[in-house]
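Chemist: generate coordinates for the sequence data below:
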Amino acid sequence: MIHNPQMKLLIVDDHPVVREGLAALLRQAGSNTTALLAEDSARGLALAEAHADLDAVLLDLAMPGGDGWAAIGEFGRRRPELPVIILSSSEDPRDVRKALAAGAVGYIPKSAPPKTLLAALQFVLAGNVYVPTLLANETPEPLATGDDHGGPEIAVSLTERQKEVLQLLSAGQSNKEIGRALGLSDKTVKVHVTAIFRAFNVVNRMQAAAAAKRDGLI
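Modeler: So this is what the prediction gives:
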């Protein structure tokens, strides 16, 4: 069951059965849920720009022409506050990392049961980043180095505001608590958290805190 009293979601998938089936599941889970449907990223982006009250995007990756991959960044450019959740048939950890690095805040395998999908959606709408169990417990990969012969590590570049968010995130505070402490909206905090994860090449808060400690940022 979806607990948001009113919710508007955008589903972008080139398979009509998937779009309609997911829309039906979401409407069944939340009586006040509105689902907008798009068969490709161009239509999806147009709907995102036309509906300022969207709560999230559910985006397929495997659309004709590699459409889905490019769409992640384009949604981020046009609507940076709008959470993009990948719904994909791929369970390759490399695809999960690539999608999150591109700006997605969730990755749900299409093989996941409806209960998991709904829980993941609720988790993201609460201001978190959802990753499937196939990746959540992995150790974060080390930062890239200048060359293959022990060159200097590339320093993580964060804004001063992102460093403030990182400090509070590492102390175990939720997005809502961080927002109250810094006078930021939940959506703005979410954007900063996503940028932090991308900068450290990690997928959850524990990994971000560990990476920050490793680099002497906390």
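Chemist: show me the helices in the chain, by range?
Modeler: Ranges of helices in the chain, per DSSP state H, are 16-29, 41-50, 67-78, 93-102, 114-125, 133-136, 160-170, 175-182, 186-200, 205-214.
Chemist: which of those helices comes out lowest on mean pLDDT?
Modeler: Across those, helix 133-136 has the smallest mean pLDDT, namely a mean of 64.
Chemist: would you map out the domains in the chain?
Modeler: Domain ranges of the chain: 7-136, 160-214, per automatic domain parsing.
Chemist: just put the ones you listed in TSV and tack on mean neighbour count.
Modeler: C-beta: built from backbone N, CA, C; applies to glycine. Putting these into TSV (neighbours: other Cβ atoms under 10 Å) gives the following:
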stretch	mean neighbour count
domain 7-136	18
domain 160-214	18
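Chemist: rebuild the helices of the chain as a markdown table, extending it with distance to Ala35.
Modeler: As requested, the helices of the chain are exported to a markdown table (distance: least, Cβ to Cβ, whole Å):
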| stretch | distance to Ala35 |
| --- | --- |
| helix 16-29 | 4 |
| helix 41-50 | 11 |
| helix 67-78 | 17 |
| helix 93-102 | 21 |
| helix 114-125 | 12 |
| helix 133-136 | 26 |
| helix 160-170 | 31 |
| helix 175-182 | 25 |
| helix 186-200 | 21 |
| helix 205-214 | 29 |
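Chemist: ok, which of the ones you listed comes nearest Ala56?
Modeler: Smallest distance to Ala56 across those (Cβ to Cβ): 6.4 Å, for helix 114-125.
Chemist: just checking, what packs against that closest one?
Modeler: Here helix 114-125 touches helix 16-29, strand 56-59, strand 84-88, strand 106-109, going by 3 or more Cβ pairs under 8 Å, 6 or more residues apart in numbering; DSSP states H and E.
Chemist: one more pass at 10 Å, please.
Modeler: On a contact count with 3 or more Cβ pairs under 10 Å, 6 or more residues apart in numbering; DSSP states H and E, helix 114-125 meets strand 7-12, helix 16-29, strand 56-59, strand 84-88, strand 106-109, helix 186-200.
Chemist: okay, the ones you listed in a markdown table with distance to Lys163 next?
Modeler: Shown next, in a markdown table, are the helices and strands packed on helix 114-125 (distance: least, Cβ to Cβ, whole Å):
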| stretch | distance to Lys163 |
| --- | --- |
| strand 7-12 | 32 |
| helix 16-29 | 37 |
| strand 56-59 | 27 |
| strand 84-88 | 25 |
| strand 106-109 | 25 |
| helix 186-200 | 9 |
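Chemist: relative to Lys176, which of those is closest?
Modeler: Closest to Lys176 of the helices and strands packed on helix 114-125 is helix 186-200 (Cβ to Cβ; 6.3 Å).
Chemist: can you list phi and psi of the spatially most central residue of the chain for me?
Modeler: The structure's the chain has its C-alpha centroid closest to Val105; by Cα atoms, centre = their mean the separation is 0.6 Å. Main-chain torsions, Val105, degrees, to the nearest 10: phi -110, psi 10.
Chemist: didn't it look like it was pressed against Lys187?
Modeler: No. Between Val105 and Lys187 there is no contact under Cβ atoms under 10 Å: 11.1 Å.
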